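Undergrad: A structural model of the following input is requested.
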Amino acid sequence: TSVPPSASPSTAPTAGTSAAPSATPSVPAGATPSKAPAAGASTPPTTGSPSAVPSAPAGSELAHTGSSNATNAALGAGAALLVAAGAGTLFAVRRRAHR
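TA: Residues are numbered from 1 along each chain as shown. Predicted coordinates for the structure are as follows:
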């Protein structure tokens with residue numbers, strides 16, 4: 001078979017190089033890291049720019065993601081009901097077959 005003139009041969013992808021991950025943040029050469037604000041000090045955010053430091057969650061509470069335990073409970077109850085109905089139907093059919 002021949003390759004159509006409009007098709008170009010593909011080349012194999014080349015592996016890129018990347019630095020190994022580290023636990024310390026990188027700071028560009030010549031830049032000085034900013035100091036953390038003092039405890040209790042609050043500065044109003046500037047208009048038009050997002051806050052650089054996200055607020056930490058209070059205590060050990062997880063983030064609210066919109067999921068609900070009620071949904072899982074309802075699905076579990078529905079599944080248990082279907083299994084029980086299937087078992088009951090199977091029991092009734094087999095009992096009727098033996099008569």
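
Undergrad: what are the buried residues along the host helix or strand of Gly86?
TA: Gly86 is part of helix 69-98 when elements are defined by DSSP states H and E. By 16 or more other CB atoms under 10 Å, helix 69-98 has no buried positions at all. Heads up, the C-betas are built off the backbone N, CA and C, glycines and all.

Undergrad: average pLDDT for that helix?
TA: Across helix 69-98, the average pLDDT comes to 94.

Undergrad: quick one: secondary structure of Ser60?
TA: Each residue gets one of three states, and Ser60 gets coil by DSSP: H, G, I helix; E, B strand; the rest coil.

Undergrad: could you tell me how many residues sit around it?
TA: Residues within reach of Ser60, counting by other CB atoms under 10 Å, total 5.

Undergrad: quick one: it and Gly66, what's the gap?
TA: 20 Å (CB to CB, to the nearest Å).

Undergrad: next: Val83.
TA: 29 Å.

Undergrad: can you check Leu81 too?
TA: 26 Å.

Undergrad: mind checking the SS state of Ser67?
TA: Going by three-state DSSP: Ser67 is coil.

Undergrad: that one: neighbour count?
TA: Ser67, neighbours per other CB under 10 Å, totals 8.

Undergrad: got a list of what it touches?
TA: Under the criterion of CB atoms under 8 Å, 6 or more residues apart in numbering, Ser67 has no neighbours.

Undergrad: dihedrals phi and psi, it?
TA: phi -80, psi 160 (degrees, to the nearest 10).

Undergrad: ok, now His64?
TA: Backbone torsions of His64, given as degrees, to the nearest 10, read phi -80, psi 110.

Undergrad: ok, the one 4 residues further on next?
TA: Recorded main-chain torsions at Ser68 are phi -140, psi 140, according to degrees, to the nearest 10.

Undergrad: that concludes my questions; thank you for your assistance.
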